[in-house]
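A.B. asks: for reference, the sequence and a predicted model appear below.
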Amino acid sequence: MSKYSVQQQSVDSLLSLVRNGQVAIPELQRPFVWNSTKVRDLLDSLYKGYPVGYLITWQSVGAALKDGQVAAHQQILIGGQQRITALRAAIAGLPVVNDKYKKNRIVIAFDPVTEQFQTATPVIRKNPQWIHDVSELFNATSGFTFMRDYFTRNPGLDPALVEANISRLEGIKNAPIGIIALADDLDVETVSEIFIRINSKGVPLESADFVMSKIATYGDRGRNIRKLIDYFCHLAVAPHVYADIVENDEEFASTEFMRAIAWLRNDAEDLYDPKYGDLIRIANLVGFSRGRAAALVSELSGRDPDTRKVDESRIPVAYDRLERALRQIVSKYEFENFTMTIKSAGFIEHSMIGSMNALNFTYALYLRLRQDKELAEGERKCIVRRWFVMSMLTSRHSGSFESRWEQDIRRINAIGAAAYLKQIEEAELSDAFWEVQLPANLQTSSIRSPYFQTFLAAQVSAGARGFLSKSITVRAMQEQSGDIHHIVPKDYLAKNGFPDRGDYNQVANYVLTETPINIAISNRSPEQYMAKVHAQIDSGVLTLGEIASAEDLQRNLAENAVPPELPSVTAADYPTFLDRRRSLMSAYIKMYYQNL
């Protein structure tokens, strides 16, 4: 059976299909990303008879149309949304939504003498030779009247030339556009593969895009659910756009959906700013216990997972489940309580979290645990913290994470989160992990390494101070972007047999420290700068930091997992020092994890 059909529609027919809802454009309520120059170039290509690429549609069963009817086979536009929106703007004269969610006109002008298209400007509007807005021609009730009025303003122009070019411009409405219609029984992965192969720019279409497109086809409710997702993600990053949304989307602003996310207008937290794809994945886990986007699309299409047949009575039930899950996700209490739980594990800055998928799954886990009324709050937070840190240390949610997500959810449903987490810990966080694998993982120069960031989180959690600091904590320096300092200075190493960055830029050679301490150490060897520290302990005269007792120095080195033999480390000892510190860092992380 063919996976697609190919057809052609005129521009006019295509816009008519969009108008009556037979072809759905999910992006209509999202900011239009093309500028007016691209819209101008699109019209110019159509005018000259150039191809403008294929549109790609995907059949959607059981979609709700604008008149309240249900479409047996509505087409969702998944490729070419910007082109269709541009045509609606330039030819139909309809407004687009700008980056402030305000409706705005894009007006394209045409000179029938020179056959030029341009964005309308005040100068062009003053020139009678230009058709100031081509949509006026396309929407004119009489082409004869339009032509007569034009010649009244321009009596000296060549009638034959102008008439021919205006007729050619009007002919854009009949220009053919190719449409590749994908079958409704294709799964998301197949549709995505087809999209990538057809798309000349090779831009991948994310699985979440399919879900968002599908959601938007379910009448007003679907469009509002989609807006809930879009606006939540936008407000999480830019709370100031709340006023723009309220002003420019009054219909949505009056709904319960908007009231559910209105709290974000005062949100100043940026630890967790999910994108719409993240919300879709979390909702899939919370509402349907599924990890793959294809499964959610099937649910919203009414497809029975056992028989693979469509049962339209399943569709409203699926949307109910999706909406309930999303309302949990965007709840102020749930969202803020979750981020506080992650912060209580020491991950206090977004830059410390390299895996968004680990955060997404842990939030879904948190929301599912919230539904267990018999679980104590302390136990719930312990499971959430440990799961997240375990995910960071094992890269559990990297790679092909969707199938792993489904496996994890099934096991959690079967035996409970605490029991399943214990199984994972016994299998993946054994003594061999802490003593061999983790030290090996710490053999990296990347400060974004999840292992190094987990070490910093462990320091934050323990209230550790910066290297050679008496009172300034790692937490304070993380919040204020403290210095990453080389314990064995890189200039000293480069001059003594370790010239490569990969040698001296090892995370086992890194500590957070105050800028004045970093400057005071400069390029001195550990023997030299630690001699200054010991001298100030003996004399009481502070010359490098503020530590003034041997006991406090010992505690500080332990807080930073720095070997106590640091004062005697030379360039020759450097490899041994790195091995020793990796072991200490691993032990530090192990103790932190066990105390979560």
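C.D. replies: Here it is on my side, so go on.
A.B. asks: pLDDT below threshold where in the stretch 51-200 of the chain?
C.D. replies: 60-74, 187-189, 191-200 (pLDDT under 70).
A.B. asks: just the helices in it please.
C.D. replies: With helices called from DSSP state H, counting those that start in this stretch, the stretch 51-200 of the chain shows them at 81-90, 122-125, 134-138, 143-153, 159-170, 188-198.
A.B. asks: do the same with the stretch 251-400 of the chain
C.D. replies: Chain-ordered helices for the stretch 251-400 of the chain, with DSSP H, counting those that start in this stretch as the definition, fall at 256-261, 276-288, 293-300, 314-330, 332-344, 356-370, 377-394.
A.B. asks: circling back: tabulate the helices of the stretch 51-200 of the chain in JSON lines, adding columns for mean neighbour count and distance to residue 553.
C.D. replies: Any C-beta I mention is one placed from the backbone N, CA and C, and that applies to glycine too. Shown next, in JSON lines, are the helices of the stretch 51-200 of the chain (neighbours: other CB atoms under 10 Å; distance: least, CB to CB, whole Å):
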{"stretch": "helix 81-90", "mean neighbour count": "22", "distance to residue 553": "62"}
{"stretch": "helix 122-125", "mean neighbour count": "12", "distance to residue 553": "72"}
{"stretch": "helix 134-138", "mean neighbour count": "20", "distance to residue 553": "76"}
{"stretch": "helix 143-153", "mean neighbour count": "13", "distance to residue 553": "88"}
{"stretch": "helix 159-170", "mean neighbour count": "15", "distance to residue 553": "82"}
{"stretch": "helix 188-198", "mean neighbour count": "17", "distance to residue 553": "58"}
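A.B. asks: now for these, which one comes closest to residue 19?
C.D. replies: helix 81-90 (8.8 Å; CB to CB).
A.B. asks: packing partners for the closest one?
C.D. replies: helix 11-19, helix 36-47, strand 96-97 (3 or more CB pairs under 8 Å, 6 or more residues apart in numbering; DSSP states H and E).
A.B. asks: now, of these, which is deepest in the fold?
C.D. replies: Counting by mean count of other CB atoms under 10 Å, strand 96-97 has the highest mean neighbour count of the helices and strands packed on helix 81-90, with a mean of 20.
A.B. asks: who does that strand pair up with?
C.D. replies: For strand 96-97, the paired strands and their directions (DSSP bridges) are strand 103-104 (antiparallel).
A.B. asks: re the thing from before, which of the helices and strands packed on helix 81-90 sits closest to residue 169?
C.D. replies: That would be helix 36-47 among the helices and strands packed on helix 81-90, by CB to CB, at 6.3 Å.
A.B. asks: give me the contacts around that closest one.
C.D. replies: Here helix 36-47 makes contact (CB atoms under 8 Å, 6 or more residues apart in numbering) with 11, 51-52, 82-83, 86-87, 89-91, 106, 108, 110, 115, 117-119, 134, 168-169, 172, 175.
A.B. asks: contacting residues for the spatially most central residue of the chain?
C.D. replies: Nearest to the geometric centre of the chain sits residue 275, at 3.6 Å (CA atoms, centre = their mean). Residue 275 sits next to residue 233 when contact means CB under 8 Å, 6+ apart.
A.B. asks: quick one: it from residue 358, how far?
C.D. replies: Distance from residue 275 to residue 358, counting by CB to CB, to the nearest Å: 15 Å.
A.B. asks: before we move on, back to that, confidence score at the residue nearest to the centre of the chain?
C.D. replies: Note for residue 275: predicted pLDDT of 93.
A.B. asks: now it: how far from residue 8?
C.D. replies: From residue 275 across to residue 8, the span is 35 Å (CB to CB).
A.B. asks: for the stretch 351-500 of the chain, which segments count as strands?
C.D. replies: Along the stretch 351-500 of the chain, counting by DSSP state E, counting those that start in this stretch, strands occupy 483-486.
A.B. asks: flag every buried residue along stretch 295-308.
C.D. replies: Of the residues in stretch 295-308, 295-303 count as buried by neighbour count, 16 or more other CB atoms under 10 Å.
A.B. asks: please apply the same query to stretch 338-351.
C.D. replies: Quick answer for stretch 338-351 (16+ other CB under 10 Å): 338-339, 341-343, 345-349.
A.B. asks: quick check: mean pLDDT across it?
C.D. replies: Averaged across stretch 338-351, pLDDT comes to 96.
A.B. asks: end to end, how far does that stretch reach?
C.D. replies: End-to-end distance of stretch 338-351 (CA to CA, to the nearest Å): 17 Å.
A.B. asks: mind checking how far it is from the chain centre?
C.D. replies: Relative to its chain's centre, stretch 338-351 lies at 18 Å (CA atoms, centre = their mean, to the nearest Å).
A.B. asks: now stretch 396-416
C.D. replies: For stretch 396-416, the distance to the chain centre is 21 Å (CA atoms, centre = their mean).
A.B. asks: before we move on, what about stretch 405-419?
C.D. replies: Using CA atoms, centre = their mean, the offset of stretch 405-419 from its chain centre is 26 Å.
A.B. asks: give the buried residues for that stretch.
C.D. replies: 405-406, 408-409, 411-412, 417-418.
A.B. asks: which residues make contact with that stretch from outside it?
C.D. replies: Stretch 405-419 is touched from outside by 281, 285, 289-292, 361, 365, 368-369, 379, 383, 387, 397, 420, 423, with contacts defined as CB under 8 Å, 6+ apart.
A.B. asks: show me the shaky parts of the stretch 351-500 of the chain.
C.D. replies: Checking the stretch 351-500 of the chain against pLDDT under 70 turns up 481-482.
A.B. asks: try it again at 90.
C.D. replies: Filtered on pLDDT under 90, the stretch 351-500 of the chain yields the residue ranges 354-355, 372-375, 397-404, 479-483, 499.
A.B. asks: dump the helices and strands packed on helix 81-90 to TSV, plus distance to residue 160.
C.D. replies: Converted to TSV, those look like this (distance: least, CB to CB, whole Å):
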stretch	distance to residue 160
helix 11-19	26
helix 36-47	18
strand 96-97	36
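A.B. asks: out of those, which comes closest to residue 181?
C.D. replies: helix 11-19 (11.6 Å).
A.B. asks: okay, the angle between that closest one and helix 81-90?
C.D. replies: Put simply, helix 11-19 runs at 100 degrees to helix 81-90, going by axes from the mean of the first three to the mean of the last three CA atoms, to 10 degrees.
A.B. asks: now helix 11-19, how far from the chain's geometric center?
C.D. replies: Counting by CA atoms, centre = their mean, helix 11-19 is centred 32 Å from the centre of its parent chain.
A.B. asks: for it, which helices and strands make contact with it?
C.D. replies: With 3+ CB pairs under 8 Å, 6+ apart as the test, helix 11-19 has strand 23-24, helix 81-90, strand 176-182 packed against it.
A.B. asks: need those in CSV with distance to residue 495, can you?
C.D. replies: Listed next are those as CSV, based on distance: least, CB to CB, whole Å:
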stretch, distance to residue 495
strand 23-24, 66
helix 81-90, 56
strand 176-182, 63
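A.B. asks: out of these, which gets nearest to residue 592?
C.D. replies: If we rank the helices and strands packed on helix 11-19 by CB to CB, the stretch that ends up nearest is helix 81-90, at 47.2 Å.
A.B. asks: can you give me the end-to-end span of stretch 43-56?
C.D. replies: OK, stretch 43-56 end separation, CA to CA: 20 Å.
A.B. asks: other SSEs contacting the helix or strand hosting residue 528?
C.D. replies: If you go by DSSP states H and E, residue 528 is part of helix 526-539. Helices and strands touching helix 526-539, by 3+ CB pairs under 8 Å, 6+ apart, are helix 515-521, helix 550-559.
A.B. asks: mean pLDDT for those helices: which is lowest?
C.D. replies: If you rank the helices and strands packed on helix 526-539 by mean pLDDT, helix 515-521 sits at the bottom with a mean of 92.
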